[in-house]
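Peer 1: Pasted the sequence and its predicted model underneath.
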Amino acid sequence: MIVYYSEVFKRHVPPYRHPEAPDRLDYLIEGVREAGGRVKEPKMREDVWQLIHLAHDKNYVNLINKLCEKGQGEIDGDTYVSPGTCEAAALAVSAVADAVEKRETALIAARPPGHHAGFMGRALTAPTQGFCIFNTAAIAALYVGEGAAVVDIDVHHGNGTQEILYDKDLLYISTHQHPATLYPGTGYPEEVGEGRGEGYNINIPLPPQVGDDVYIKVVDEVVIPLLRQYDPKVIVVSLGWDAHRDDPLADLNLSLKSYLYFFDQVLKMQKPTVVVLEGGYNRSVIKNGTEALLRLALRGEFAPKESATETAHSVYKHFETTMREVRQYAGRFWRL
């Protein structure tokens, strides 16, 4: 697994104290170094703005560029633009495009994140853009075209990715905390796509406090069977470390065992897998999770180095209800 990283990604700078800040990448790179990973400096692509326009309306892209030129601005109460935002976001798109073009297995250690950014910025019914500027995962999928799959394991539903891919026959799978309990309030099982995209949008909402036992069941019974049936050319993973039990902004109860189990199963498919950093705000989890991911990808080590979690009976009952809904809607299109 190659790690794409540049100091440019730290030039997206908040105007005030903010959970999505440049130091997230310091902890990530520390984890890469602990694992003995190889870092590669990405290069800005000449066609980067054409790629961005694959997923975003030109008026939205122009707005972001004008805010960058202005020097500082707020898109909404969550999401900001600084003088270095456009360069950082464009380089992130360049890195993910290069990785999928070369059919690499790679980690794109970039920010700002992207999966809440829709066609015109704020996506679906969300009140804000959730810290996101350009949707790197959706852009990568559209650039690959036929055979691209996106799996989003951030604790928040990737409403921007869903909006952009909703009418495309490109597989999008999202595991996330139940939208009735967390931003952005979308990502229900009945949201299956439309037109050519009908059946290709799979949401798996999880009740608060689910543990590793539930997440592993979801991977085994839904995520991997869907990927095998779809048989992707490239897998893009929107990685948020915020489903971890120690994240300050959400309420799932996962340990690193869930993350490693997911990646172990995906990597065993032996498909090019490009991992894009999204959320995750506990700095120690970012560092330790990245180290564990790289050790797994590079040497096959399955070492979460923390205790696993289990789901309480009352929570499990809620999960069973959700799984029946997932099977009801996704089962119209896939064998589950």
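Peer 2: Perfect, thanks for sending it. Because the structure is predicted, anything quoted here is derived from the model rather than measured. Numbering: from 1, shown residues only.

Peer 1: Name the residues of the host helix or strand of Leu294 that are buried.
Peer 2: In this structure, Leu294 sits in helix 283-299 according to DSSP states H and E. Neighbour counts over helix 283-299 (16 or more other C-beta atoms under 10 Å) mark 283, 285-297 as buried. Placement of C-beta: from N, CA and C, glycine included.

Peer 1: Format the CA atom coordinates belonging to whatever helix or strand comes next after that helix as PDB.
Peer 2: Note on helix 283-299: by DSSP H and E, the next helix or strand toward the C-terminus is helix 313-330. Extracted C-alpha coordinates of helix 313-330, given in PDB (Å, rounded to 0.1, in the frame of the first residue of the first chain):
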ATOM      1  CA  HIS A 313     -28.800  -7.200  23.800                       C
ATOM      2  CA  SER A 314     -31.100  -4.200  23.600                       C
ATOM      3  CA  VAL A 315     -29.000  -2.500  20.900                       C
ATOM      4  CA  TYR A 316     -28.800  -5.800  19.000                       C
ATOM      5  CA  LYS A 317     -32.500  -6.000  18.700                       C
ATOM      6  CA  HIS A 318     -32.600  -2.600  17.000                       C
ATOM      7  CA  PHE A 319     -29.800  -3.800  14.700                       C
ATOM      8  CA  GLU A 320     -31.900  -6.900  13.700                       C
ATOM      9  CA  THR A 321     -34.800  -4.600  12.700                       C
ATOM     10  CA  THR A 322     -32.400  -2.500  10.500                       C
ATOM     11  CA  MET A 323     -30.900  -5.600   8.900                       C
ATOM     12  CA  ARG A 324     -34.400  -6.800   7.900                       C
ATOM     13  CA  GLU A 325     -34.900  -3.500   6.200                       C
ATOM     14  CA  VAL A 326     -31.500  -3.700   4.400                       C
ATOM     15  CA  ARG A 327     -32.400  -7.200   3.200                       C
ATOM     16  CA  GLN A 328     -35.800  -6.100   2.100                       C
ATOM     17  CA  TYR A 329     -34.600  -3.300  -0.100                       C
ATOM     18  CA  ALA A 330     -31.200  -4.400  -1.200                       C
END
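
Peer 1: tell me the contacts of Ile286?
Peer 2: Contact partners of Ile286, counting by C-beta atoms under 8 Å, 6 or more residues apart in numbering, are Arg24, Tyr27, Leu28, Gly31, Trp241, Gly280.

Peer 1: separation between the residue nearest to the fifth one when sequence neighbours are not counted and Pro248?
Peer 2: Counting by C-beta to C-beta, 6 or more residues apart in numbering, the nearest residue to Trp241 once its immediate chain neighbours are dropped is Gly280, at 2.7 Å. For Gly280, the distance to Pro248 equals 10 Å [C-beta to C-beta, to the nearest Å].
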